[in-house]
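>>> All I have is the shape, not the residue letters:
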């Protein structure tokens with residue numbers, strides 16, 4: 001299979017990235033049954049393991065000028081003068097690179113989640129959390145594998161953006177185990193769910209929709225994991241400690257929102273940066289997309305008890321505080337049901353194929 005290193009459109013500053021860390025590896029000798037909710041997630045995590053090589057039909061092809069089959073308005077510069085002047089072939093190249101850039105951030109973020117989940121196994125004091133985080137670690141490895149295989153079909157990939165790299169760096173460097181949860185389980189995973197959902201729900205290409213549907217099925221459990229663990233922990237902190245975490249959350253949310261500016265992509269394609277930036281911020285689809293990024297995170301932040309003046313004022317300024325009313329459990333149930341629908345659709349297709357072959 002093609003190496004992703006050969007597909008990068010931009011330099012990656014070497015093959016590896018090292019983040020120095022300073023934290024204790026914690027053993028737990030109790031081995032008790034743990035919290036009912038957490039052990040329920042652990043049982044579900046074990047039961048719902050799947051193989052990216054067999055659950056997904058990788059023989060499906062991508063479209064030439066619109067690999068994911070996304071609506072034109074999903075391209076944030078679709079009304080930019082520079083784009084409107086292009087030939088259909090040139091527009092197709094921009095669409096393909098934008099979609100590959102976005103999927104590349106998914107793949108890079110999943111590797112960040114893989115490393116964070118392994119850190120949680122090592123560092124968190126509760127045995128039940130260690131058990132669940134172990135199932136998440138294999139989930140994240142599978143997600144990296146799935147996005148890597150999908151990107152090889154695109155034939156192009158992009159390095160991790162600076163905002164995403166900065167947030168993962170902060171999350172890994174902090175020695176407190178709950179900050180790993182906040183940075184990865186709540187912020188990155190929560191915002192990723194909204195981004196994955198755009199492709200799952202709008203892509204006409206079934207391979208791209210399928211990959212994101214199956215990843216989302218796992219990620220919903222991961223966010224629930226962070227929610228359970230932190231909801232039990234934060235009532236015991238001082239107000240000063242909660243204020244510090246609220247400030248971290250706000251900074252992280254700004255970083256993740258800016259992750260989608262795609263400046264390096266437009267530069268690589270030789271497009272005028274200011275014109276593309278203006279088109280992005282005037283795009284109705286992108287405005288809806290930016291806001292929907294916080295559908296998953298805001299109600300969880302409120303639920304875990306980080307709902308002081310700092311966070312409320314920040315979310316008010318960002319225009320996303322109304323998402324606190326979102327029913328997160330209903331969204332998680334939808335994620336699981338939609339993934340099952342993809343499985344059912346594939347079984348139906350296979351039955352038709354089998355009958356046709358039998359008739360021949």
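Perfect, I can see it now. What you are looking at is a predicted structure, and each value in this text was computed from that prediction instead of being measured.
>>> Looking at residue 298 now. What's its pLDDT?
Note on residue 298: pLDDT of 92.
>>> for it, what are its contacts?
By CB atoms under 8 Å, 6 or more residues apart in numbering, the contact list for residue 298 reads 315, 320-321, 323-324, 326. Where C-beta positions appear, they are placed from N, C-alpha and C, glycine not excepted.
>>> Just the element for it, please.
helix 297-303 (DSSP states H and E).
>>> C-terminal to that helix, which secondary structure element comes first?
helix 309-318.
>>> And the pLDDT for residue 258?
63.
>>> count of residues packed around residue 113?
If you count neighbours by other CB atoms under 10 Å, residue 113 ends up with 26.
>>> got it, and residue 53?
11.
>>> One more: the one 4 residues further on?
In terms of burial, residue 57 registers 12 neighbours under the definition other CB under 10 Å.
>>> Excluding covalently adjacent residues, which one is nearest to it?
residue 346 (6.5 Å; CB to CB, 6 or more residues apart in numbering).
>>> Quickly find the element holding residue 98.
Using DSSP H and E, residue 98 falls in helix 88-123.
>>> next one: residue 38
With DSSP H and E as criterion, residue 38 is part of helix 36-47.
>>> So what's the gap between that helix and the chain middle?
Centroid separation between helix 36-47 and its chain, computed with CA atoms, centre = their mean, to the nearest Å, is 21 Å.
>>> name the helices or strands packed onto it?
helix 127-154, helix 206-233 (3 or more CB pairs under 8 Å, 6 or more residues apart in numbering; DSSP states H and E).
>>> Packing partners of the first one?
Counting contacts by 3+ CB pairs under 8 Å, 6+ apart, helix 127-154 is packed against helix 36-47, helix 52-55, helix 88-123, helix 206-233.
>>> hmm, back to that, what residues sit buried inside the helix holding residue 298?
297-302 (16 or more other CB atoms under 10 Å).
>>> And stretch 272-286, by the same measure?
Quick answer for stretch 272-286 (16+ other CB under 10 Å): 276-277, 279-280, 283, 285-286.
>>> Touching that stretch from outside, list them.
Contacts for stretch 272-286 (CB under 8 Å, 6+ apart): 71, 73-74, 76-83, 260-263, 266-267, 287.
>>> Filter those residues down to the buried ones.
Here, 16+ other CB under 10 Å leaves 74, 76-78, 80, 82-83, 260-262, 266 buried among the contacts of stretch 272-286.
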